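> Here you go, sequence then predicted model.
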Amino acid sequence: MQTFRPLFLGLILFSHFLSRPVYSQEKIILISNVEIFNGKDDQTIQGNVLITGNKISKISTSPIPTNKSANVEIIDGKGRFLMPGLIDAHYHSMFANLSQIALLTSNLGFVNLVAGKNAEALLQKGYTSLRDLGGPVFGLKQAIDAGVVAGPRIWPSGSFISQTGGHGDFRLPNDIPSDASNGLSYAERINAAAIADSPDAVRLKAREQLMLGASQIKLMAGGGVSSIYDPLDVTQYTEQEIRAAVEAAENWGTYVTVHAYTPRAIQQAIRAGVKCIDHGQLIDEETVKLMVERNVFWSLQPFVDEGDKGVLSPESRAKQLEMYQGTDTAFELAKKYKMKIAYGTDVLFDAQKASRPDLQLLKMKRWFSNVEILKMVTGNNGELLALSGKKSPYTGKVGVIEEGALADLILMDGNLIQNLELISEPEKMVLVMKNGIIYKNLIR
């Protein structure tokens with residue numbers, strides 16, 4: 001045991017080294033002559049941005065002097081539109097591209113390779129950060145942070161926690177009743193889902209995800225569209241069970257977000273201390289008022305009917321249509337009470353949709369102006385990521401262009417405030433930078 005212990009500790013230290021974000025310590029990049037949207041303000045400014053290492057060190061409307069050394073790169077923006085990198089606040093890196101049956105039956109190595117390819121594509125489309133709300137994503141995150149593959153920063157939840165028969169229960173009926181001889185289901189073994197049915201069990205599962213590196217905890221608090229057993233109006237977990245996860249997260253300096261659509265499920269979660277509601281399409285005005293009163297973040301997706309493409313079962317399709325009916329009302333209530341909305345896609349089991357995040361973003365034009373949408377996908381989402389506090393896997397602000405913020409930037413050949421549709425033209429996104437490193441450069 002004595003000889004094994006130093007080797008074991010060495011492996012842990014080596015793994016920690018690999019998982020640290022990679023960035024250039026001394027590289028200096030000056031992006032000059034650009035129109036700057038900072039992620040917070042409606043108005044842009046004409047100016048220059050200096051990046052030192054992985055952070056923005058200076059923003060000025062006047063020229064920024066630099067020494068002419070090999071370590072300094074000067075990029076003439078030629079009046080183009082500079083903005084923070086895009087953020088998706090509700091993503092499932094491991095579940096976006098493959099069908100549900102493929103995910104439940106394929107080797108996890110294959111799933112990781114597919115997810116890695118998708119992560120590279122997301123970064124090329126300007127997404128420099130995402131909040132992953134369920135799935136075995138820790139390996140992918142480690143590979144991205146170590147520079148093995150390119151991709152967005154990931155704020156991981158790890159396994160989403162579900163009650164028996166809840167939105168995260170992927171077991172087949174012949175796996176029930178569960179007993180010691182059955183062991184864990186495949187989804188549990190790969191850390192995609194965690195089934196817990198008491199306050200103590202929920203507390204344990206939350207602590208396990210925090211131990212693995214979760215930056216926030218995700219609970220299933222209500223019925224879902226793609227799940228097998230639960231109607232949409234089912235309220236899942238008790239207040240005591242949800243509070244157990246909240247206490248575990250708060251003891252680690254972070255928070256719990258929940259999947260919930262209905263007023264009853266949302267109100268119970270808020271009473272238990274949850275800091276963020278994801279979805280909420282079937283909400284009512286009373287519940288929105290409670291969210292405002294308790295300063296709860298609302299991560300609301302642009303779920304509208306696009307026709308049945310055969311991705312879902314007939315039962316899930318019926319639930320989906322029921323949920324869609326509440327989307328317009330939810331956004332109207334959010335606007336009425338001036339709530340700060342986080343933007344996310346929540347793409348599941350659909351490679352075609354995952355390949356076009358621009359189309360999901362453009363759906364928001366149904367309710368918001370271009371600048372409101374841009375603030376959601378940058379500054380608002382950055383504020384939501386900051387709820388993780390010291391459990392955030394990255395040091396520094398994202399979603400904004402300000403001095404001291406992380407250098408996650410995109411440069412557009414065209415003003416997105418005036419024409420958001422340009423986001424659908426890959427050649428118009430001429431530069432993508434994450435952590436001070438340029439991953440895409442079409443400037444000529």
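Good, I have the coordinates.
> I'd like to know how many residues surround residue 280.
Number of residues near residue 280 (other Cβ atoms under 10 Å) recorded here: 28. Every residue, glycine included, has its C-beta placed from N, CA and C.
> ok, it - contacts?
260, 261, 266, 287, 298, 300, 330 (Cβ atoms under 8 Å, 6 or more residues apart in numbering).
> How about residue 262?
222, 223, 232, 233, 235, 282, 283.
> next one: residue 303
Per Cβ under 8 Å, 6+ apart, neighbours of residue 303: 279, 281, 323, 324, 327, 346.
> swap the cut-off to 6 Å and go again
Taking Cβ atoms under 6 Å, 6 or more residues apart in numbering, we find residue 303 in contact with 324, 327.
> Surely it is within a strand?
No - per DSSP: H, G, I helix; E, B strand; the rest coil, residue 303 lies outside any strand segment and is coil.
> Tell me how far it lies from residue 225.
9 Å (Cβ to Cβ, to the nearest Å).
> rewinding a little: most surrounded residue in the contacts of residue 262?
Neighbour tally across these (other Cβ under 10 Å): the maximum, 30 neighbours, falls on residue 222.
> So what sits opposite it in the bridge?
Under DSSP bridges, the beta-bridge partners of residue 222 are residue 235.
> where does residue 250 fall, helix, sheet strand or coil?
helix.
> Excluding covalently adjacent residues, which one is nearest to residue 272?
residue 242 (3.8 Å; Cβ to Cβ, 6 or more residues apart in numbering).
> next helix or strand past the host helix or strand of the one you found?
Per DSSP states H and E, residue 242 falls inside helix 239-251. Next in sequence after helix 239-251, counting helices and strands by DSSP H and E, comes strand 256-260.
> quick one, helices of the stretch 201-350 of the chain?
239-251, 263-271, 285-293, 314-324, 327-336 (DSSP state H, counting those that start in this stretch).
> least reliable of the ones you listed going by mean pLDDT?
Lowest mean pLDDT within the helices of the stretch 201-350 of the chain: helix 314-324, a mean of 88.
> Pretty sure residue 265 sits against residue 221.
Yes - counting by Cβ atoms under 6 Å, residue 265 does reach residue 221; the two are 5.0 Å apart.
> between these two, which one's more packed in?
Neighbours were counted for residue 265 and for residue 221 using other Cβ under 10 Å; residue 221 has more, 34 against 29.
> What count of nearby residues applies to the closest residue to that one other than its chain neighbours?
Excluding the flanking residues, the one nearest residue 221 by Cβ to Cβ, 6+ apart is residue 258, at 3.8 Å. When neighbours are counted by other Cβ under 10 Å, residue 258 registers 31.
> Distance-wise, check residue 258 relative to residue 277.
In terms of Cβ to Cβ, residue 258 sits 6 Å off from residue 277.
> Over to residue 190?
Distance from residue 190 to residue 277, by Cβ to Cβ: 27 Å.
> Run through the residues that contact the residue nearest the centre of the chain.
Centroid-nearest residue in the chain, with Cα atoms, centre = their mean: residue 131, separated by 2.1 Å. Neighbouring residues of residue 131 by Cβ under 6 Å, 6+ apart: 89, 155.
> Doesn't it lie inside a strand?
Yes - counting by three-state DSSP, residue 131 is found in a strand.
> can you give me the helices for the stretch 51-200 of the chain?
Counting by DSSP H, counting those that start in this stretch, the helices of the stretch 51-200 of the chain are 100-105, 108-124, 138-145, 186-189, 199-212.
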